[in-house]
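>>> got a predicted structure here, sequence first:
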Amino acid sequence: MKAPVDISSDSIVDRVYEQLKAMAISYEFKPGERLNEGELAKRLGVSRTPLREALNRLNTEGFLRFTPGKGFFCRELDAHEIFDLYELRKSLEIASVRLAIKRARDEDIDALLAFLQATGPDPGERSSLELVELDETFHERLMGMSNNAEMLRVLRNVNARIRFVRWIDMDRINRSNTQAEHRAVVEGLKARDEERCVTVLEKHIDRRLDRITSAIKEGYAQIYMPAARTASSP
């Protein structure tokens with residue numbers, strides 16, 4: 001007799017985790033909303049066991065909040081938390097570029113310059129989602145040249161947690177300027193010029209709290225206005 005299939009296998013948990021993570025990143029769950037585990041399990045076609053494993057993982061990684069006796073909640077859109085994450089991102093990237101100055105291979109630096117050339121300074125018809133994805137790819141490849149896997153793991157977590165705000169912020173950014181700063185960092189890396197790399201990165205990543213607050217206000221409008229329009233329609 002065959003053994004029963006383990007419905008809480010890693011593959012199922014990973015699938016549910018990725019689905020829920022995408023929903024949390026895009027605020028398909030409303031800020032502060034309590035998640036209905038029964039409805040989610042039914043919607044995703046899984047039992048409570050893999051669902052709970054995925055929810056616990058997302059709570060640990062900062063995408064959800066858990067309150068004992070009450071359950072899991074979508075994280076709030078909090079300006080101070082986003083500001084702290086930007087500060088963490090800046091610290092990580094500056095520390096990693098210092099390592100990359102010593103460790104990066106010339107061929108990897110040239111490949112990143114080629115990536116900048118191929119993606120170009122013009123946003124073209126790309127959406128904000130696509131532009132943010134390109135930007136994250138650049139910064140992750142840059143950090144990859146530090147040869148520090150743990151730094152890169154943390155950066156990916158930070159990028160995911162600020163992605164919603166970055167989608168909004170991207171509409172306000174001049175891509176030509178952004179790409180010029182990217183190129184300046186990589187050319188500084190190629191010249192092994194640590195001071196140049198650090199100076200450009202600090203300016204490039206830095207965000208003021210008032211700018212983050214403004215983006216979050218727009219984010220709330222985007223989250224709730226579609227629901228308001230649906231509610232008011234005949």
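Right, received. Where do you want to start?

>>> from here on, just use CA atoms for contacts and neighbour counts.
Noted.

>>> which element is the residue most central in space within the chain on?
Nearest to the centroid of the C-alpha atoms of the chain, with distances taken as Cα atoms, centre = their mean, sits A160, at 1.9 Å. When elements are defined using DSSP states H and E, A160 is found to belong to helix 149-170.

>>> which residue is the nearest non-sequential neighbour of D108?
Setting aside the residues directly before and after it, D108 is nearest to M145 in space (Cα to Cα, 6 or more residues apart in numbering), at 7.4 Å.

>>> any idea how many residues pack against that neighbour?
Using other Cα atoms under 10 Å, M145 has 21 neighbouring residues.

>>> for T60, same thing?
Residue crowding around T60 was assessed by other Cα under 10 Å; the count is 12.

>>> what about it, distance to N157?
In this view, T60 and N157 are 11 Å apart by Cα to Cα, to the nearest Å.

>>> quick check: phi and psi on the residue nearest to D108?
According to degrees, to the nearest 10, the main-chain angles of M145 amount to phi -80, psi -10.

>>> for it, give its distance to D106.
If you go by Cα to Cα, the gap between M145 and D106 works out to 10 Å.

>>> ok, now L35?
On the measure of Cα to Cα, L35 and D106 end up 48 Å apart.

>>> next: L51.
Taken as Cα to Cα, the spacing of L51 relative to D106 amounts to 45 Å.

>>> coming back round to it: and the closest residue to the residue nearest to the centre of the chain other than its chain neighbours, what is it in contact with?
If the residues on either side of it in the chain are set aside, A160 comes closest to I25, at 6.7 Å by Cα to Cα, 6+ apart. The neighbourhood of I25, defined by Cα atoms under 8 Å, 6 or more residues apart in numbering, consists of 63, 160-161, 163-164.
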